[in-house]
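> heads up, no residue letters with this:
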C-alpha cells in the first residue's frame, strides 16, 4: 500500500463512510500513485495475471487527490460497482 494512502487513510475512510463505500475493499484494491494522487483500480484475476504485459483491463474505481494538505475525491463510473456497499 502506498505511503500516501496510509497517511490519509482516516480521510479516505471517512469519505467511504459518508458515501456508502466499502473502505475495506478500497484498502485491498490495486493502487497507482504519484506525488499527490492515488488511483484505486479494480483487477479481475480471472481475466489475466500479467497486468500490463497481457493488457489486462484495470478500470479506475476512485481517484484521490491531495492539494495543499486537503484530500479530494473523484468517483468514476466504476466506483459504485466495485466499492458500493451491497444492501
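All right, it came through fine. All values reported here derive from a predicted model rather than from experimental measurement. Residues are numbered from 1 along each chain as shown.

> quick one, strands of the chain?
For the chain, the strands defined by DSSP state E cover 31-33, 37-41, 60-67, 70-75.

> chain center to the third one: distance?
What that stands for is strand 60-67. Strand 60-67 has its C-alpha centroid displaced from the chain centroid by 7 Å (C-alpha atoms, centre = their mean, to the nearest Å).

> residue ranges with poor pLDDT in this protein?
Along the chain, segments meeting pLDDT under 70 span 1-2, 48-55, 87.

> middle-most residue in it, spatially?
Nearest residue to the geometric centre of the chain (C-alpha atoms, centre = their mean): residue 40, 2.4 Å.

> that residue against residue 62, yeah?
Yes - using C-beta atoms under 8 Å, residue 40 is in contact with residue 62, at 4.5 Å. Quick note: C-beta positions are derived from backbone N, CA and C, even for glycine.

> need the overlap of contacts for these two.
Taking C-beta atoms under 8 Å, 6 or more residues apart in numbering as the criterion, residue 40 and residue 62 both touch 26, 83.
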